[in-house]
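Asker: Next input, structure requested:
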Amino acid sequence: MKKRKFRINVDPQSLVPVDSVRKYYYLSILLIIIMLGIIVGMYQFLPRSVPLFFTKPWGIEMLAPKPYLYILPIISFLVVSVNVIVGKMMSIDNNKIVVHSLGIGSFAVTLTLFLSLVGILQSIL
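Answerer: Just a heads-up that it's a prediction; the model follows:
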């Protein structure tokens, strides 16, 4: 069995070789940057506690300190990073459906977390 070497180059074309998938990663990174910009820009106007845990019962249990809002872009960045790494390994074997699924999945997770952030801020302001 051939041992694979994995290297991450700075060039996005070598990192994500399929052009049609690269746009999903670019959109994901753009949404992450926008999420960080919104959090940093609105941080001083936010109350000390924000509603973050919507699956918990209504009231104080839903609230979290406002620095917890940074969890949303961090999770999104981790998902994108892991999907890029797995997609790079899968592109070696020419598994194009997996590579496309990972790119679209990254964008879907990032978009969902972005809409969650907008919903949280809308409920506060």
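Asker: Point to the residue nearest the middle of this structure.
Answerer: Ser76 (1.9 Å; CA atoms, centre = their mean).
Asker: and that one, that one's in a helix?
Answerer: Yes - applying DSSP: H, G, I helix; E, B strand; the rest coil, one finds Ser76 inside a helix.
Asker: wouldn't it be in contact with Ser28 here?
Answerer: Yes - between Ser76 and Ser28 there is a contact under CB atoms under 8 Å: 7.0 Å. Every residue, glycine included, has its C-beta placed from N, CA and C.
Asker: Show the subsequent helix or strand relative to the lowest-mean-pLDDT helix or strand in the chain.
Answerer: One helix or strand of the chain scores below all others by mean pLDDT, DSSP states H and E: helix 12-15, with a mean of 59. Going down the chain from helix 12-15, the next helix or strand is helix 19-42, by DSSP states H and E.
Asker: after that following helix, next one along is what?
Answerer: strand 49-51.
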